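K.L.:
predicted model and sequence follow; I will ask about them next.
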Amino acid sequence: MKKWIVFMGLIMAIYFVACNNAADPLPITFFDSTFQEGTDDWTGDFAYYESGQDSAVNFNISLADIPFRTDSTLRGLRVEGTNTGDSLFWFIKRKITGLDPTLTYKVAYRINLSTSYPDTVGSSGRLTHIKAGASTEEPKKVLSSGYYNTSILKGTFGRDGKEMLVLGNAGNRIDSVAYRSIVRDNANLAVEVKPNAAGEIWLCVGTETKYKGKILLFFDRIYAAVSEKRDY
């Protein structure tokens, strides 16, 4: 019961930020991905690396059991990639349809994930940032002068961008290597996005890291709230 109350409290916080204020009767749509039966249309890609390093990055996205959970039926979206240079940005994305192209929408997240990276100064957990947001067009990697950048405006390392916000780091809340469940959300600030002419937007969640090595995370649940924006 306690976990359910905490969960509902966070969802209400997301509701309020997406709807401007508690008294606002704006319609809101929730997109809840638990990954128990499939990927729920989430796909992935990676950027911020030199051309020809694809095999070294070894990006992979799949469904898998969450390592430290005793319930063998609990699965998650397993995402990994290896930073071979100065930094690496890998991301997962999902298209949302049926929106009004004349309106602007606000998007807020609550993300449950499992991480094994220590949460100490200078550690892999602190050097890896969780970001989330939304864009009008599909987030893609873009090749320029032998280097892959990304089309989504995610901000510089560790900072917010126009289309993605920093939700926190990937630290496991302890000072040793062990899988723990963490929650990241943007309940204090929502991303604003305008749909394309077809009424579509793209949700995007990713990690940005300067840690040289493999970053492997398990997404247990991605909960997104999408609501119309009103100016008062």
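P.N.:
Received the coordinates, thanks.

K.L.:
kindly list the longest strand within the chain.
P.N.:
Of all segments of type strand in the chain, defined using DSSP state E, the longest is strand 214-228.

K.L.:
what is it packed up against?
P.N.:
helix 2-18, strand 28-33, strand 75-82, strand 88-96, strand 105-115, strand 201-209 (3 or more CB pairs under 8 Å, 6 or more residues apart in numbering; DSSP states H and E). In this view, the C-beta of every residue, glycine as well, is placed from N, C-alpha and C.

K.L.:
and these: which comes nearest Val57?
P.N.:
In terms of CB to CB, the element of the helices and strands packed on strand 214-228 nearest to Val57 is strand 75-82, at 5.2 Å.

K.L.:
packing partners for the closest one?
P.N.:
Going by 3+ CB pairs under 8 Å, 6+ apart, strand 75-82 lies up against helix 54-57, strand 60-65, strand 88-96, strand 214-228.

K.L.:
out of the ones you listed, which gets nearest to Glu200?
P.N.:
Counting by CB to CB, Glu200 lies closest to strand 88-96 out of these; the figure is 5.8 Å.

K.L.:
distance from the closest one to the middle of the chain?
P.N.:
7 Å (CA atoms, centre = their mean, to the nearest Å).

K.L.:
what does stretch 104-122 give?
P.N.:
Relative to its chain's centre, stretch 104-122 lies at 7 Å (CA atoms, centre = their mean).

K.L.:
quick one: mean pLDDT for it?
P.N.:
For stretch 104-122, the mean pLDDT works out to 94.

K.L.:
in that stretch, which residues are buried?
P.N.:
105-119 (16 or more other CB atoms under 10 Å).

K.L.:
report the two of the residues you listed separated the most.
P.N.:
Distance extremes for the buried residues of stretch 104-122: the farthest pair is Tyr105 and Pro118 at 36.8 Å, using CB to CB.

K.L.:
ok, the residue nearest to the spatial centre of the chain to Ile111 distance?
P.N.:
Nearest to the geometric centre of the chain sits Val205, at 2.2 Å (CA atoms, centre = their mean). Using CB to CB, to the nearest Å, we find Val205 at a distance of 6 Å from Ile111.

K.L.:
can you check Ser135 too?
P.N.:
Ser135 sits 17 Å away from Ile111, going by CB to CB.

K.L.:
what about stretch 38-45, start to end distance?
P.N.:
Stretch 38-45 has an end-to-end distance of 18 Å (CA to CA, to the nearest Å).
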